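>>> heads up, no residue letters with this:
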């Protein structure tokens, strides 16, 4: 007689997700949708070695202001 595995019964733990995968997925979705990513801005500032010059509110305002200045087809 065949015994079911944990994977087949659904009782296996879901801790197999790579740490940081959810953050990367969220970053990709934000880019697709066109939403600003303040976390990526903070990470960039940390890597370059200077403190962030914009608050989150200022960053979002600047992001959407720059999006409105381009040529659009629709």
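Right, received. Where do you want to start? Because the structure is predicted, anything quoted here is derived from the model rather than measured.
>>> drop to CA atoms for contacts and neighbour counts, all remaining ones
Fine.
>>> Before we move on, what's the pLDDT of residue 49?
pLDDT recorded at residue 49 is 95.
>>> swap in residue 16?
54.
>>> what's next to stretch 32-39, contact-wise?
Outside stretch 32-39, the residues that touch it by Cα atoms under 8 Å, 6 or more residues apart in numbering are 27, 30, 56, 59-60, 63.
>>> any chance of these in a markdown table, plus distance to residue 49?
Putting the contacts of stretch 32-39 into a markdown table (distance: Cα to Cα, whole Å) gives the following:
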| residue | distance to residue 49 |
| --- | --- |
| 27 | 22 |
| 30 | 25 |
| 56 | 18 |
| 59 | 18 |
| 60 | 22 |
| 63 | 22 |
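>>> what about burial for these, which qualify?
Among the contacts of stretch 32-39, those that count as buried by neighbour count (16 or more other Cα atoms under 10 Å) are 27, 56, 59-60, 63.
>>> Return the item of these having minimum pLDDT.
Of all the buried ones among the contacts of stretch 32-39, residue 27 has the smallest pLDDT value, namely 80.
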